[in-house]
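Visitor: Structure for this input, please:
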Amino acid sequence: MKKSLRNFFYNWHGRRQYKVHRQIKDRLFRFLFEKDREALLQLYNALNGTDYTDASMLRVVTIESAVYVVMKNDLAFIIAGVLNMYEHQSSVNPNMPVRFLIYLAKEYQGIIEKAQESLYGSKQIVLPTPHCVVFYNGDKEIPEEQILRLSDAFENKAQKSDIELTVRVLNINYGHNLKLMNQCKILKEYAEFVNITKSFVSKASDRKSALNDAIEYCIQNHILEEFLRKYRMEVLGMLLEEFDADKYERSLKEEGREEGFVEGREEGETQLLKLLEHLFSDNRPEDVKLAVNDKSIREKLYKEYNIK
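Guide: Reported below is the predicted structural model:
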């Protein structure tokens, strides 16, 4: 495929459409906790060692992509003066601190706009304390818990920064962070559900049937049973789109590797041709052409002059 044509294909299918698919990966996690405020309160209690029981205390302030297209977070809610911003990730992303910084600025902007006091007034505007958490369930192995810092991205680390933002990253793959899982039944069942769906899909050729079987298995074994009974079709649709996105990502990577090999070889041929033209002082075209077409000469020059 010609480079210009592939660039057009990639810009349309790779960047525009795939960017949409990447949002699908986090939809199930968000959908689960948005639909069940009791579960969200349970998750908050497990993370913070609290024992709140009234889910009506939660005030959800999640930034919606439909309203603010370039800025969308998975879950954000305020309780007891704390702004909790939760993100679900299936890939390792060291840029989460700066993303949370942008989310936080947008959240604070909304709070200030609703405040009675002016930002330029003499009275202090009260802001909720931010807590930033990432729930990770990708295939790459990471620690049970780690802290990402905004300052890790600063160019001049010798200069002390006047600002910092930390992000707590929790590995929620099945079998990890058992203490947290035991304190939050819904999170534990979510981790089990994801693990079971991956297992069913890996052993079947028909993805839709495999996912239906996985959902049925979880219902029968009381894993997210009530949630899956109520939202079975929505969950199935999200999972089908997610697995299709994973497959599409792998195909893009494979295409990139193949093109990289071809382009690298073409560059090597260009280097070889220039070298042969230099070696043949009289630049006789027939000699250059003969050498280029002679496999033994070609391979010898590749090796001798380290042409890739």
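Visitor: Could you tell me which ranges of the stretch 201-308 of the chain sit under the pLDDT cut-off?
Guide: 243-308 (pLDDT under 70).
Visitor: what about 90?
Guide: Where the stretch 201-308 of the chain drops to pLDDT under 90, the residues are 204-205, 238-308.
Visitor: What segments of the protein are helices?
Guide: Secondary structure of the chain (DSSP state H): helices located at 3-9, 18-24, 27-35, 37-48, 96-114, 178-183, 185-202, 207-220, 225-279, 285-293, 295-304.
Visitor: OK, contacts around V60?
Guide: Going by C-beta atoms under 8 Å, 6 or more residues apart in numbering, V60 touches E34, L75, A76, F77. All C-beta atoms are positioned from the backbone trio N, CA, C, and that covers glycine.
Visitor: Run a quick neighbour tally on the second one.
Guide: By the other C-beta atoms under 10 Å criterion, the neighbourhood of L75 contains 22 residues.
Visitor: so who does the nearest residue to it once chain neighbours are set aside touch?
Guide: Spatial nearest neighbour of L75, excluding adjacent residues (C-beta to C-beta, 6 or more residues apart in numbering): Y86 at 4.2 Å. Residues near Y86 by C-beta under 8 Å, 6+ apart: F33, L43, N73, D74, L75, A76, V133, V134, F135.
Visitor: Tell me the one of those nearest A158?
Guide: Nearest to A158 among those is V134, at 28.2 Å by C-beta to C-beta.
Visitor: hang on, isn't the closest one packed against S90?
Guide: No - at 10.8 Å, V134 does not count as touching S90 under the criterion of C-beta atoms under 8 Å.
Visitor: who's more crowded, those two?
Guide: Set V134 next to S90 and count neighbours by other C-beta under 10 Å: V134 wins out with 24 against 19.
Visitor: Just the pLDDT for that one.
Guide: pLDDT for V134: 97.
Visitor: Tell me the bridge partners for it.
Guide: Taking DSSP bridges, one obtains E87, V169 as the residues bridged to V134.
Visitor: E117 contacts L127, correct?
Guide: No - counting by C-beta under 8 Å, E117 stays clear of L127, with 11.7 Å between them.
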